[in-house]
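[1] Just a sequence and a predicted model for now, questions to come.
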Amino acid sequence: MAKIDQEEKIKIKELFTKNLKDEVNLLFFTKEDGCQYCGDTEEILKEVTELDEKVNFETHLLGSKKAAEFGIDRAPAIIFLNNDGQDSGVHFYGIPSGYEFTSLIEDILDISDQERIDLADDIKKEVKALDSDVLLQVFITPTCPYCPRAVRVAHQMAMLNPKIKAEMVEAMEFEELSASFNVSGVPKTVINSGADEQVGAVPAKTILKKIQNLAVAAS
C-alpha cells in the first residue's frame, strides 16, 4: 500500500522538477528485527525517490561496514550526503511521517540548492563562522505542527557548516534517548548532548546564540 497519495506525489514531483539543482543522495539504515517503522520508512523513501532521477537512496543494515563508517547505531535512520559523498550532518532518526514528511521534502530541496536556505544573511554568516563541533538533536513527534520549523533550523545550520550535525529524533520511537534528556514536550532541541537545550520552535538566532555561548564558555 502506497504511503504517499497520488495527489501529493504530483505536487512533490512538480516541486522537484522546478527546484532540484544538484543530485541528492541519501543513505537509509535499517535492521532486520525489532524495528517497527523501518519498513514504512524505506517505502516512503522509495516512493519519494521514484519521483525524480536526481534523488536517490541506498539501504544498509545496522552493523554493516557502511553503518560503522557513518557511526550509525539506531534505526530507522536517514543520512543526507553532500556533493562529495560525505555526511552532510543532516540526519533523521525515526519515520519522517505526519508533519515531518514536509521536513524530508524541504531538506531534499535545500540540499540540492542551498540558495533556498531561508535563514537571514547575518545568521548564515555567523553559522558558517562557528569553528567547534556542534550536535543538535531535535526531538519531535509526527503530530506536532511546530516541530518541522525546529528541525529545519537545525538541518539548515548543518548544511551551512560541516562542523554541525543535526538530528531529527522521533521521541516515541527512541523513548530511552528521549528520557535521558527529559523530553516531556516537543519540539525540544538538545545542544551538545545536554550542555544546553531549547523547548519550542524558536528563531534560528536563539539556537545560534546558545551555541555561541557554549563555545565562549568552553574557550
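    Sure, I can see it. These figures come from a predicted structure and were not determined experimentally. Numbers count the residues shown, from 1 in each chain.

[2] Do a quick rundown of the strands in this structure.
    Residue ranges of the strands in the chain, as given by DSSP state E, are 24-30, 55-61, 77-81, 87-93, 134-140, 164-170, 188-191, 196-199.

[3] any residues touching the second one, and which ones?
    Right, strand 55-61. 16, 20, 23-32, 42, 45-46, 48-49, 66-67, 78, 108 (C-beta atoms under 8 Å, 6 or more residues apart in numbering). C-beta coordinates here come from the backbone N, C-alpha and C atoms, glycine included.

[4] Please repeat the previous calculation with a cut-off of 7 Å.
    The contact list for strand 55-61 (C-beta atoms under 7 Å, 6 or more residues apart in numbering) reads 16, 24-32, 42, 45, 48-49, 66-67, 108.

[5] And the last one, by the same measure?
    Contacting residues not belonging to strand 196-199 are listed as 185, 188, 189, 190, 191, 206, 207, 210, 214 [C-beta under 7 Å, 6+ apart].

[6] Could you export those residues as CSV, including pLDDT?
    Output for those, formatted as CSV (pLDDT from 0 to 100):
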residue, pLDDT
185, 94
188, 98
189, 98
190, 98
191, 98
206, 98
207, 98
210, 98
214, 96
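
[7] Looking at these, spot the one nearest residue 140.
    Proximity of these to residue 140 was ranked by C-beta to C-beta; the top entry is residue 188 with 8.4 Å.

[8] which residues sit in contact with that closest one?
    139, 197, 199.

[9] about what we covered before: how about the contacts of strand 196-199 in CSV, adding distance to residue 176?
    Converted to CSV, the contacts of strand 196-199 look like this (distance: C-beta to C-beta, whole Å):
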residue, distance to residue 176
185, 18
188, 15
189, 19
190, 14
191, 20
206, 28
207, 25
210, 25
214, 25
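
[10] And the furthest pair within these?
    The most distant members of the contacts of strand 196-199, if one measures by C-beta to C-beta, are 185 and 214, lying 22.1 Å apart.

[11] Of these two, which one has the most company?
    residue 214 (16 against 12; other C-beta atoms under 10 Å).

[12] From what I see, that one and residue 193 are in contact.
    No: when contacts are counted by C-beta atoms under 7 Å, residue 214 is not listed as touching residue 193 (11.1 Å).

[13] Can you check the pLDDT for residue 181?
    Per-residue pLDDT puts residue 181 at 98.

[14] what are the phi and psi values for it?
    phi -110, psi 20 (degrees, to the nearest 10).

[15] any idea how far it is from residue 71?
    With the distance defined as C-beta to C-beta, to the nearest Å, residue 181 ends up 19 Å from residue 71.

[16] I am finished for the moment; much appreciated.
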